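Participant: just coords:
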């Protein structure tokens, strides 16, 4: 293979436009889901929610997301990324704006479920798009680029939502953020095509994208995917660690309010600090494993060493509720959020490392189902624990710190060498 093909420096870079497009999808997606977390202390007081009420509301988003991801992944493998994500964004944008029409726990639960159902296609679609547009040695970095979107989204939402809410009321915060999805959708429809049919992609860059060994293009039966160790490894990783991230997304503003008295107008700076740090983790985690692979490390050890660093770095999060000041707590949570995104970037690359392209979205959907099912349980449990303990977050944070080390140990037991899965054709 030529030096140009090895480095990708003279074959064009349009594939990174696709990475930017996926970054935009993640950003608007997470802006929508973050709004309720930012408004949670205000809505709890104004609408007289208990901690359990709030846990129920956000848990419906999780279970709908999980069920949707399981089937959306399969749908994406059948109808393609462009059509599948178009359908999904149209659904979740309407659901996001529908929050402005409800006031009861039941009403919020319904629209959260619809939001989760639409949003469930996002990560399987992004993973499949990366598998189609990038060679394996660049996939972790590409995932890192789009995986930085959630961190930027939280910072954007932390500024935008308080401004809109304080000026126009909380209902308009849901409407305005939902409209951002439609702007992104117009960009998506104008830009995205499959690589083989894209008019902006040069033959040289297409050859570079397809420089990995040729994969089978035969259809992949869904049932056997569930029984493979490679799928189970990804499923375990998502199931044990997704609840941590969604605890931060949905409960962190309530924690800062309860522990340190941080109200809506005071949230932007702490959240910007936390999720800016997380963005560094997202890009850094993808770059690190990719750099190790380019230096001759196997995909197996490059991914696992990078994930081990993240798993160890997140352990101190157990100290956050015992912090003596707001900014000590912010520092602890910032490290944890950075470590999670470092971990997540590499975890989300595993399906494309171990499966052919036509199965990636299905495997990612299975993993997201496990992660969201666990998040459903964790969010309800969090609400119940906080009610029983009168707002004591120590037991909740105590669980969070050790889940990643446990997950990595199980992943290694299941796939000690991360060999490609062997699946018979349908």
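Facilitator: Sure, I can see it. In this text, all values refer to a predicted model and were calculated from it rather than measured experimentally.

Participant: low-confidence ranges in this protein?
Facilitator: When residues are selected by pLDDT under 70, those of the chain lie in 1-10, 214-220, 423-426.

Participant: Recalculate using a threshold of 50.
Facilitator: Judged by pLDDT under 50, the chain has its weakly predicted residues at 1-8, 426.

Participant: just the strands in the stretch 1-150 of the chain please.
Facilitator: Remark: strands of the stretch 1-150 of the chain are absent; assignment by DSSP state E, counting those that start in this stretch.

Participant: tell me the contacts of residue 137?
Facilitator: The contact partners of residue 137, by C-beta atoms under 8 Å, 6 or more residues apart in numbering, come to 290, 293, 294. For every residue, glycine as well, the C-beta is placed using N, CA and C.

Participant: Please list the members of those that lie in helices.
Facilitator: Assigned to helices by DSSP state H, the following of the contacts of residue 137 qualify: 290, 293, 294.

Participant: Closest one of those to residue 305?
Facilitator: residue 293 (11.1 Å; C-beta to C-beta).

Participant: Run through the neighbouring helices and strands of the host helix or strand of residue 186.
Facilitator: For residue 186, the host element (DSSP states H and E) is helix 170-191. Judged by 3 or more C-beta pairs under 8 Å, 6 or more residues apart in numbering; DSSP states H and E, helix 170-191 is in contact with helix 15-46, helix 81-98, helix 149-168.

Participant: could you check the angle helix 15-46 makes with it?
Facilitator: Here helix 170-191 runs at an angle of 170 degrees relative to helix 15-46 (axes from the mean of the first three to the mean of the last three C-alpha atoms, to 10 degrees).

Participant: ok, and for helix 170-191, which residues are buried?
Facilitator: Using 16 or more other C-beta atoms under 10 Å as the test for burial, helix 170-191 gives 170-171, 173-178, 180-181, 184-185, 188, 191.

Participant: residues contacting residue 109?
Facilitator: 56, 57, 60.

Participant: change it to 6 Å
Facilitator: 57, 60 (C-beta atoms under 6 Å, 6 or more residues apart in numbering).

Participant: Also residue 351?
Facilitator: Taking C-beta under 6 Å, 6+ apart, one finds 234, 360, 363, 364 in contact with residue 351.

Participant: Can you say which two of those residues are spatially most distant?
Facilitator: For the contacts of residue 351, and using C-beta to C-beta, no pair is farther apart than 234 and 360, which are 10.4 Å apart.

Participant: between those two, who's got more neighbours?
Facilitator: Higher neighbour count among residue 234 and residue 360: residue 234, with 29 against 26, using other C-beta atoms under 10 Å.

Participant: what's the angle between the helix or strand harbouring the more buried one and helix 15-46?
Facilitator: Using DSSP H and E, residue 234 sits in helix 229-260. Relative orientation of helix 229-260 and helix 15-46, computed by the same axes, to 10 degrees: 40 degrees.

Participant: what's helix 229-260 packed up against?
Facilitator: In terms of contacts (3 or more C-beta pairs under 6 Å, 6 or more residues apart in numbering; DSSP states H and E), helix 229-260 is packed against helix 15-46, helix 326-347, helix 350-354, helix 357-388, helix 403-414.

Participant: Of the ones you listed, flag the one that's most buried.
Facilitator: Mean neighbour count (mean count of other C-beta atoms under 10 Å) peaks for helix 350-354 among the helices and strands packed on helix 229-260, with a mean of 26.

Participant: From the chain's centroid, how far away is it?
Facilitator: 16 Å (C-alpha atoms, centre = their mean, to the nearest Å).

Participant: Stretch 173-183 too?
Facilitator: 19 Å.

Participant: do the same with stretch 51-63
Facilitator: 18 Å.

Participant: which residues are contacting that stretch?
Facilitator: 105, 108-109, 112-113, 116, 250, 372, 375-376, 379-380, 382-384, 386-387.

Participant: ok, back up a step: buried members of the ones in helices among the contacts of residue 137 into PyMOL, please.
Facilitator: Buried residues within the ones in helices among the contacts of residue 137, by 16+ other C-beta under 10 Å, are selected in PyMOL with:
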select buried, resi 290+293
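
Participant: right, and out of the ones in helices among the contacts of residue 137, which lies closest to residue 403?
Facilitator: The closest of the ones in helices among the contacts of residue 137, once distances to residue 403 are taken by C-beta to C-beta, is residue 290, at 25.2 Å.

Participant: Between the two ends of stretch 313-320, how far is it?
Facilitator: With C-alpha to C-alpha, to the nearest Å as the measure, stretch 313-320 spans 14 Å from end to end.

Participant: any residues touching that stretch, and which ones?
Facilitator: 329, 332, 333, 336, 339, 397, 398, 400, 401, 404.

Participant: and if you look at stretch 115-132?
Facilitator: 22, 29, 61, 64-65, 68-69, 72-73, 76, 81, 84-85, 88, 91-92, 95-96, 139, 142-143, 146, 352, 357, 360-361, 364-365.

Participant: Could I get the buried residue list for that stretch?
Facilitator: 115-132.

Participant: do the same with stretch 190-199
Facilitator: 191, 192, 195, 198.

Participant: Just tell me which of the helices and strands packed on helix 170-191 ends up closest to residue 224.
Facilitator: helix 81-98 (22.2 Å).

Participant: Which of the contacts of stretch 313-320 lies at the shortest distance from residue 280?
Facilitator: Nearest to residue 280 among those: residue 339, at 10.8 Å, using C-beta to C-beta.

Participant: Would you agree that closest one is in contact with residue 312?
Facilitator: No: with contact defined as C-beta atoms under 6 Å, residue 339 does not count as touching residue 312 (8.1 Å).
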